[in-house]
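S.K.: Fold the following and give me the result.
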Amino acid sequence: MADLNDFLSLIEAARDLETDVERLIRYVARGELAIAVQAWMAIFADSNFDPQAKSPKQHVEHWLSNHSSELSGNAKDRIATLVNPETAKIGGAPRTPVN
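M.R.: Modelled structure (predicted):
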């Protein structure tokens, strides 16, 4: 009987974990990460880089101002830093090491 109770407890824990993961996915999907992906796709994946922008980060900031005006200035800066393909030295996200 103890094995059955342990098994049922594990199933319940797995359901709780699945609910937590689903909640996290929904939160991220409507948050800054989702907006960052949209910005990257609109600007870089579709080759819509604005030649008048002084830097990729500035282009992202302009895109965010036009498409996500509800974001705070700090949120826009975090997203622009994340999406910026330039090196950290000039304001972009650090490069991911390739092994």
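S.K.: Spit out the contact partners of residue 83.
M.R.: Contact analysis of residue 83 by C-beta atoms under 8 Å, 6 or more residues apart in numbering lists 36, 39-40, 43-44, 56, 60, 93. In short, each C-beta sits where N, CA and C put it, glycine included.
S.K.: repeat that with 10 Å
M.R.: By C-beta atoms under 10 Å, 6 or more residues apart in numbering, residue 83 lies in contact with 35-44, 56-57, 59-61, 63-64, 92-93.
S.K.: Could you do residue 75 as well?
M.R.: 31-32, 35-36, 64, 68.
S.K.: So which of these belong to helices?
M.R.: Counting by DSSP state H, these place 32, 35-36, 64 in helices.
S.K.: Not counting its neighbours along the chain, what's nearest residue 63?
M.R.: Leaving aside its sequence neighbours, residue 63 sits nearest to residue 39 (C-beta to C-beta, 6 or more residues apart in numbering; 5.3 Å).
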